[in-house]
Each structure stands twice: as structure tokens, then as C-alpha cells.
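Q: How does the following fold in three dimensions:
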Amino acid sequence: MDFMFFADTDEVFMAMPGFEEPEKTGKPAHRCIQSMDKPMQGAANALLAIGNDTSNMTKTRIKTRLLLSYSRYMPEVNRCNGNQLAVEDDPFGDESFGY
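A: Now for the predicted structure:
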């Protein structure tokens, strides 16, 4: 897998090194895009290999591997998102809670 993107915004949030956003995919890069390392790419590729005959245990292992791989990126993603939240007027979405 060369890149992953959010279905709702179409923004690429993780990609292999050297990813060229508009030229290859037509999808914009998310402001916190991360460079995918080999373990993360392997986990993502395994997810794509899930078929109708894949056992539930194997599916669970693949999903767990993907989540564990992604968790290594969380400190940097949180830092990036935190920096963005600091400049927004309503960083916690208080309006969504009726305040």
C-alpha cells in the first residue's frame, strides 16, 4: 500500500516516502501527513489481503498489527493536531455540546 486517506475528506494521512500527492492520486495531503515505514506498510498490505475465506482470528491479528503499528505515530500526530487546535476558535467543539 502506498498511501492511506480519510474517506470523508479524501486527505492522505499516511504515505510511503516520496509520495507525490496531486500528481499520483489527485488527493490532497493532510496537514499532519506521516511517512509510512516498512512495518506500517506491511500491516496495511496485510489488511488488503483479507478475503472471504480469512478466519476471524487472522482478521483480528491483522487489525491488531495495524493498530499497534499506527500507535507509534500517535505522539507526532497528536503534536501536529494539538498545534492546529491552538489556532482554532473552538478547539474542543463546545458548540457541539450546546455551550
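
Q: Contacts for the strand ranked longest in the chain, please.
A: When the chain is parsed with DSSP state E, its longest strand is strand 29-35. Under the contact criterion Cβ atoms under 8 Å, 6 or more residues apart in numbering, strand 29-35 has outside partners 6, 9, 11-17, 19, 21, 73, 76-77, 80-81, 84. Using the backbone N, CA and C atoms, a C-beta is placed for each residue, glycine as well.

Q: SS state for the residue nearest to residue 6 when sequence neighbours are not counted?
A: Nearest non-adjacent residue to residue 6, counting by Cβ to Cβ, 6 or more residues apart in numbering: residue 13, 6.1 Å away. Secondary structure assignment for residue 13 (DSSP: H, G, I helix; E, B strand; the rest coil): strand.

Q: just residue 4 next, same as before
A: At residue 4 the chain is in strand, as set by three-state DSSP.

Q: Can you check the pLDDT for it?
A: Note on residue 4: pLDDT of 88.

Q: do residue 35 as well
A: Residue 35 carries a pLDDT value of 91.

Q: ok, how many other residues are close to it?
A: Number of residues near residue 35 (other Cβ atoms under 10 Å) recorded here: 12.

Q: and what of residue 12?
A: Residues near residue 12, counting by other Cβ under 10 Å, number 21.

Q: partner residues bridging it?
A: Per DSSP bridges, the residues bridged to residue 12 are residue 5, residue 29.

Q: Tell me the spacing between it and residue 57.
A: Per Cβ to Cβ, to the nearest Å, residue 12 is found 31 Å from residue 57.

Q: on that earlier part again, gap between the residue nearest to residue 6 and residue 59?
A: Residue 13 is 23 Å from residue 59, by Cβ to Cβ.
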